[in-house]
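# how does the following fold in three dimensions:
(chains A and B)
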Amino acid sequence: MSLGERCRPDFPILSRIVNGHPLVYLDSAASSQKPASVIEAIQRYYETSHANVHRSIHTLGEEATELYEAARDAVRAFLGARTREEIVFTRGTTESLNLVAQAVGRTLQPGDEIVVSELEHHSNLVPWQMVCRDRGTVLKAIPVLPEGYLDLEAYARLLSPRTRVVAVAHVSNVLGTINPVAQMVEQAHRAGALVCLDGAQAVPHLPVDVSAIGADFYAFSGHKMLGPTGIGVLHGRREILERLEPAWGGGEMIKEVWIDHAQWNDLPWRFEPGTPPIADAVGLHAAVEYLGKLGMAQVSAHEQALTAATMEALADIPGVTLYGPRNPEMKGAVVAFNLEGIHPHDGAALLDQRGIAVRAGHHCAQPLMKCLQIAGTLRASFSVYNTAQDVQRLAEAVATLRGEL
Amino acid sequence: MALYSDVIRERFRKPRFRGALERPDVSGEDVNPLCGDRIRIQARLDGGRLVEGRWTGDCCAISAASADVLLEMMVGQPAARARELTPASILERLDADIRPSRMKCVALPLAVLQEALTKEGTP
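Got it, this is the predicted structure:
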């Protein structure tokens, strides 16, 4: 039995009938579905242990604090981070990246350079554009080559003593390209720049060891990795986090407050103002346990096989254009494609009528769409619960779409 | 009612008002933030009436059909009539069951035409 067939029964939503057909869910890159263990962990938390964390001197408060901090330890171990102080909980990748942009942005001077890439999701681009507007820094972009890989020669040329930040995706949410981030981090560090990686499409699908990658910041979301919405993670290298001022103020992030100033709390709480997403951290803990039991190497191999099968099946259909690397080993669990004469939104709506959920549009990567000279694409993306049968149903449906409109 | 009604399919396959005008009196374009689709609408006016209209755009079947029936509804009418039209009137003509997530596709061509006429100072 394949990993997908084994996992499927753990996800209650997958038994749904959509528009008269059994659901085929191929939109996990946007948000994954949740196993019963995650849903139950959240429910159990609210039914038995909920209170606010850290300052509640009563049993429930202590239980909630223990559960919240245990989630941090689980995430630390899952990522191979050195210490729990390096794991900051946020509301999602976008908040993690904005946190970095705000906190690091404040240290930048006019003329300093920030290097991004043309394949960035808007969440790792727009916050840096805002830094440039506020601080007079300059944005430079690594071009994308026609096959969907970053132009690493251009990257080497872009790095200079003026480069202060490199902000790139670990895995492209459209093309699926797995960027050689460890090498890119090393180059950036040699140039004296900090590196902020968007790992939203990597952590759910690949073994990720943040210590081995060595980036200064690594951001991802819970909801794309079988966990709940409303929680994300920012991994920051301790020595970097220690010298940064907090991005936002509030309760929890302080040690002592006077009317005109305050002293910051220790790491990681310094970067977690306000009541955190406690139940969502508990849910994320359950998700990390679920993935940990499967083994990320197995998850990656399973999804790579589905990606390869999908590219192969779609490539045989007349009128289909595939985007991104064709080598499945260089690619995350996404396949972006277009069908001649069919707008992506029409394609997605027609597939939905057959119970197949895919994404359509610009995928929050408009600069990349401009490079590819297209308005958008269809995108099928995979998770642990997808099977060869899902791929077959997608391919069969896509083959009939052009006759539909 | 289907999402892709017979009207939408027919107008997508064989649009009657697709193209460009050589000397338009008004023209406008806008982007659907949902998908990045771009719709351009051009019209010629004579004595306050919209006498000729054309649309272009790389867009979905719903936007295409919406633009096409909009111009059909407007040609020969006083330009001010555009102000009275609503997405609901277009939807009625499309005879389709459009979900909220796709209503922007229906509404965009009308908004572009209304904006273009306003810019021109047409009531």
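# quick check, the residue in the stretch 251-400 of chain A closest to chain B?
A:His343 (3.8 Å; Cβ to the nearest Cβ). Every residue, glycine included, has its C-beta placed from N, CA and C.
# quick one: residues contacting that residue.
The neighbourhood of A:His343, defined by Cβ atoms under 8 Å, 6 or more residues apart in numbering or on different chains, consists of A:375-376, B:35, B:37, B:59-61.
# which pLDDT value goes with it?
In this model, A:His343 is scored at 93, pLDDT.
# quick revisit: in JSON lines: the contacts of A:His343, plus secondary structure, distance to A:Gly192 and neighbour count.
JSON lines is the format used below for the contacts of A:His343 (DSSP: H, G, I helix; E, B strand; the rest coil; distance: Cβ to Cβ, whole Å; neighbours: other Cβ atoms under 10 Å in any protein chain shown):
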{"residue": "A:Ala375", "secondary structure": "coil", "distance to A:Gly192": "39", "neighbour count": "24"}
{"residue": "A:Gly376", "secondary structure": "coil", "distance to A:Gly192": "38", "neighbour count": "28"}
{"residue": "B:Cys35", "secondary structure": "coil", "distance to A:Gly192": "41", "neighbour count": "23"}
{"residue": "B:Asp37", "secondary structure": "coil", "distance to A:Gly192": "43", "neighbour count": "26"}
{"residue": "B:Cys59", "secondary structure": "coil", "distance to A:Gly192": "47", "neighbour count": "26"}
{"residue": "B:Cys60", "secondary structure": "coil", "distance to A:Gly192": "47", "neighbour count": "29"}
{"residue": "B:Ala61", "secondary structure": "helix", "distance to A:Gly192": "52", "neighbour count": "24"}
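# make a markdown table out of these and add pLDDT and distance to A:Pro246.
Output for the contacts of A:His343, formatted as a markdown table (pLDDT from 0 to 100; distance: Cβ to Cβ, whole Å):
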| residue | pLDDT | distance to A:Pro246 |
| --- | --- | --- |
| A:Ala375 | 85 | 40 |
| A:Gly376 | 91 | 38 |
| B:Cys35 | 73 | 38 |
| B:Asp37 | 81 | 41 |
| B:Cys59 | 87 | 45 |
| B:Cys60 | 91 | 44 |
| B:Ala61 | 93 | 49 |
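# can you put those in TSV and add distance to B:Thr118?
Formatted as TSV, the contacts of A:His343 follow (distance: Cβ to Cβ, whole Å):
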residue	distance to B:Thr118
A:Ala375	26
A:Gly376	29
B:Cys35	25
B:Asp37	22
B:Cys59	22
B:Cys60	25
B:Ala61	28
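# just name the closest of these to A:Asn52, please.
B:Cys35 (41.6 Å; Cβ to Cβ).
# excluding covalently adjacent residues, which one is nearest to the residue of chain B found nearest chain A?
As assessed by Cβ to the nearest Cβ, chain A sits closest to B:Cys60 within chain B, at 3.8 Å. In this structure, B:Cys60 finds its nearest non-sequential neighbour in A:His343, 3.8 Å apart by Cβ to Cβ, 6 or more residues apart in numbering or on different chains.
# what ranges do the strands span in chain B?
Remark: strands assigned in chain B by DSSP state E are B:26-31, B:38-46, B:49-58.
# dump those strands to CSV, plus distance to chain A, mean pLDDT and mean neighbour count.
Below are the strands of chain B laid out as CSV (distance: least, Cβ to the nearest Cβ, whole Å; pLDDT from 0 to 100; neighbours: other Cβ atoms under 10 Å in any protein chain shown):
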stretch, distance to chain A, mean pLDDT, mean neighbour count
strand B:26-31, 9, 92, 18
strand B:38-46, 8, 94, 21
strand B:49-58, 6, 94, 20
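# could you point out which of the ones you listed sits nearest A:Pro276?
That would be strand B:26-31 among the strands of chain B, by Cβ to Cβ, at 37.4 Å.
# so the closest one versus strand B:38-46, what angle?
170 degrees (axes from the mean of the first three to the mean of the last three Cα atoms, to 10 degrees).
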